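1. Let's see this in three dimensions:
(2 chains)
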Amino acid sequence: GNSVTQMEGPVTLSEEAFLTINCTYTATGYPSLFWYVQYPGEGLQLLLKATKADDKGSNKGFEATYRKETTSFHLEKGSVQVSDSAVYFCALYVKTSYDKVIFGPGTSLSVIP
Amino acid sequence: DGGITQSPKYLFRKEGQNVTLSCEQNLNHDAMYWYRQDPGQGLRLIYYSQIVNDFQKGDIAEGYSVSREKKESFPLTVTSAQKNPTAFYLCASSIGLAPTGELFFGEGSRLTVL
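-> Predicted structure coming up:
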């Protein structure tokens, strides 16, 4: 079946550090891949997306590249800020007879000054 | 501004009581969803609806019920049959009759059973 695996958190970084959150997936067909972010006490927001192999999604300094050969979609940011502290969810969607978005378990990030 | 409004933000329930969580959207989206979020876990789909007067069970529908009488509204009832209802509940919507993976979320409702 379709699934998403993320690196376990929590992740704690100092401000201006480099961030990588690993995400790998299993899917039949050709999924679209997404990163969502959830700030404390709020709902999720779409951060970036990629719909086909080798696409790079980017937003707010975050980037992720759709790697079909390694079935990965790792999230990166060159210099994190305190305001980036949140939970990050990797997700996939592939159209099947049962349409739904599949989310990973989430990775909590804390950025300290 | 367009968006999804969930209410109440916090809700306390005694065991044996049914409670209803409200979800309203003014995005003119066809599809709406209810997810449950537990600490350290991802989102699990409870119910979804692609058109008015039709809805489908998700992965954890037992103990929950929904209705979709209007396009903009998709209330969730947590019944007394739900054994462990304390959680954070998220409502979402998407454009079109099938999601493309782009979901728009409300700010959530936190339910605590006393």
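
2. Which of the helices and strands in chain A ranks last by mean pLDDT?
-> Scoring the helices and strands of chain A by mean pLDDT, DSSP states H and E places strand A:101-103 at the bottom, with a mean of 89.

3. helices or strands up against that one?
-> Contacts defined by 3 or more C-beta pairs under 8 Å, 6 or more residues apart in numbering or on different chains; DSSP states H and E place strand A:101-103 against strand A:3-6, strand A:86-93. In short, each C-beta sits where N, CA and C put it, glycine included.

4. Return the set of buried residues in it.
-> Buried positions in strand A:101-103, judged by neighbour count with 16 or more other C-beta atoms under 10 Å in any protein chain shown: A:101-103.

5. How about residues contacting it?
-> If you take C-beta atoms under 8 Å, 6 or more residues apart in numbering or on different chains as the criterion, strand A:101-103 is touched by A:2-4, A:34, A:36, A:89-93, B:42-43, B:99, B:101, B:103.

6. Write out the residues of chain B neighbouring chain A.
-> Within chain B, the positions near chain A by C-beta under 8 Å from any C-beta of the partner chain are B:4, B:6, B:40-43, B:45, B:48, B:50, B:58, B:90, B:92, B:98-108.

7. Write out the residues of chain A neighbouring chain B.
-> Applying C-beta under 8 Å from any C-beta, one finds that chain A approaches chain B through A:4, A:32-34, A:36, A:41-46, A:49, A:89, A:91-93, A:95, A:99-101, A:103-106.

8. repeat that for 10 Å
-> Selection of chain A residues close to chain B by C-beta under 10 Å from any C-beta of the partner chain yields A:4, A:6, A:8-10, A:31-34, A:36, A:38-39, A:41-46, A:49, A:51, A:87, A:89-95, A:98-106, A:108.

9. Quick check, pLDDT for the residue at minimal distance from the centre of chain B.
-> Central residue of chain B (C-alpha atoms, centre = their mean): B:Trp34, 2.9 Å from the mean position. pLDDT for B:Trp34: 96.
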